[in-house]
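Participant: Here's a sequence, model it:
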Amino acid sequence: MRPPSRWAPLPVLLAATFLVVLDAFVVNVAMPSIQQDLGAGTTVLEWIVAGYGLASAVLLIPASRIGDRIGRRRVFSAGVALFTLSSAACGLAPSSGALVAARLAQGIAAALMTPNALSLIGASYEGADRGRALSAYGTVMGVAAASGQLIGGALVQADLAGVGWRACFLINLPVGVAALAAAPRTVPESRRAGALSLDPVGTLLVCAGLTLAVLPLIEGRALGWPAWTIAALALSPHVIGAFTAHQRALARHGGAPLLDPALLHRRTFAAGLAVQALLWCGQASFFLVFALYLQLGRGLDAMQSGLVFTVLAVAYVVASARAQALAHHGRRLITAGALTLAAGHAILLDAVLGGGALVTLVPGMILVGAGMGLLIAPVAATVMAGVPAELAGSASGALSTVQNVGNAIGVGLVGALYFGALGGGAAHAFAVSLAALAGLLLAVAALARALPAVVASPR
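Facilitator: Model prediction:
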């Protein structure tokens, strides 16, 4: 039998990566259809987005360590299998509760796939080949994010075989089955010598702390903020504090904490985590409320909404390409990106309140896309620039986790504002959300002053 090409693993790993990122965005323009078909309440719409990110966030680091210990391809393949099955469950969901449960399972699967796909790329390639593979990895993630709304709109509008919004999930099945079949033949197995322990106590504490924060944010408004929601919010910081104390104790006794406490003693990294959290609080939440506004407030169908998002996507791609050459400016680039994104939200807000033609949204969308392009990759590069090599693995895992946590909390916060203001109309609700999102970006710009001033250009 002819041996596989050295590039054979890459399409499999990139196909799975594309699905993980796509499913974070593809559902947004389908939300009105899901709500109508399943009779879903507004909290269900938030859980469809936030649940995916939350489940992925708390398991990213443990999933990476499991792959290091028992085999990265094995865990990656298990993730692909679970993602395929849970996608089928989403597409066939008979009720809103079943859909939310399936989305949580998708998030768990994404956690199994994402870090192990990246580790497999690192283990499969060296030197210039590794650089090319990682570049392709980043490109695929960007394309999936930028095209997610359009793909979702096209699938809903096409109404393939009469399944409507369900095609957004069912389309994953042939890709997932093909990747699962190809993985054993094309992707070499790899493990890490001296793999770190799993820290189940730390995983349980961080999962509990984040759930105590996100659950009341999503459920509280619809339930009238009963006492348990207030108690959960109050308890969440204490549980996160217990997690931090456990990590420090584990490190003192020679264990392997999920988050190395030495990182939190570094001012630039602590500020970087805050910047990452605030930035990503505004990403998934913006796409959700904007998609709802376009359909509920502007009367567009799913396909038309997806086409509107292409304006933002093009601006993002152009700006992110330029950001690579500007990344050495460190915190100045982060500040400029945050202010650009905040300005985009402000201009969008003015256009929404003005009630003009759809074209009046274009200037704001261009600035929003450009701001995202100037921020998303440079934030990670700038934060990591001040981290010593021995802490790089823990730092990158923490940044990825905080990204997903930010998405989940942002959907809860901004979703509560949007749906709480919906009584004044979709335009009013979207304007309230935009004001909050602009405020988050001003906080990002302020915190960016604590980040490294200069980032060394890669050689």
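Participant: Neighbours of residue 453, how many?
Facilitator: Using other CB atoms under 10 Å, residue 453 is surrounded by 10 other residues. C-beta coordinates here come from the backbone N, C-alpha and C atoms, glycine included.
Participant: Verify the stated contact: it with residue 334.
Facilitator: No. Residue 453 is beyond contact range of residue 334, at 10.6 Å (criterion: CB atoms under 8 Å).
Participant: Next up, the contacts around the closest residue to residue 21 other than its chain neighbours.
Facilitator: Counting by CB to CB, 6 or more residues apart in numbering, residue 144 is the residue found nearest to residue 21 once chain neighbours are left out, at 3.8 Å. Counting by CB atoms under 8 Å, 6 or more residues apart in numbering, residue 144 touches 17-19, 21-22, 25.
Participant: Enumerate every residue touching residue 43.
Facilitator: 218-219, 221-222.
Participant: Can you select the buried ones from these in ChimeraX?
Facilitator: Per 16 or more other CB atoms under 10 Å, the buried members of the contacts of residue 43 correspond to this ChimeraX selection:
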select :218,219,221
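Participant: Which of the contacts of residue 43 sits closest to residue 153?
Facilitator: residue 218 (24.9 Å; CB to CB).
Participant: Torsion angles phi and psi at the closest one?
Facilitator: Here is the backbone geometry of residue 218 (degrees, to the nearest 10): phi -80, psi -40.
Participant: Residues touching the one helix or strand residue 280 maps to, excluding its own?
Facilitator: Per DSSP states H and E: residue 280 is located in helix 267-281. Contacts to helix 267-281, defined as CB under 8 Å, 6+ apart, come from residues 263-264, 334, 338, 375-376, 379-380, 382-383, 386-387, 395, 398-399, 402-407, 409-410, 413-414, 440-441, 443-444, 447-448, 450-452.
Participant: Keeping just the C-alphas, turn the helix or strand following that helix into PDB.
Facilitator: As assigned by DSSP H and E, the chain's next helix or strand after helix 267-281 is helix 283-292. Only the C-alpha atoms of helix 283-292 are listed here, as PDB (Å, rounded to 0.1, in the frame of the first residue of the first chain):
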ATOM      1  CA  GLN A 283     -18.200  38.700  19.700                       C
ATOM      2  CA  ALA A 284     -20.800  36.000  19.800                       C
ATOM      3  CA  SER A 285     -23.300  38.300  21.500                       C
ATOM      4  CA  PHE A 286     -22.900  40.900  18.700                       C
ATOM      5  CA  PHE A 287     -23.500  38.400  15.900                       C
ATOM      6  CA  LEU A 288     -26.500  37.000  17.700                       C
ATOM      7  CA  VAL A 289     -28.300  40.300  18.300                       C
ATOM      8  CA  PHE A 290     -27.400  41.700  14.900                       C
ATOM      9  CA  ALA A 291     -28.800  38.700  13.200                       C
ATOM     10  CA  LEU A 292     -32.000  39.000  15.200                       C
END
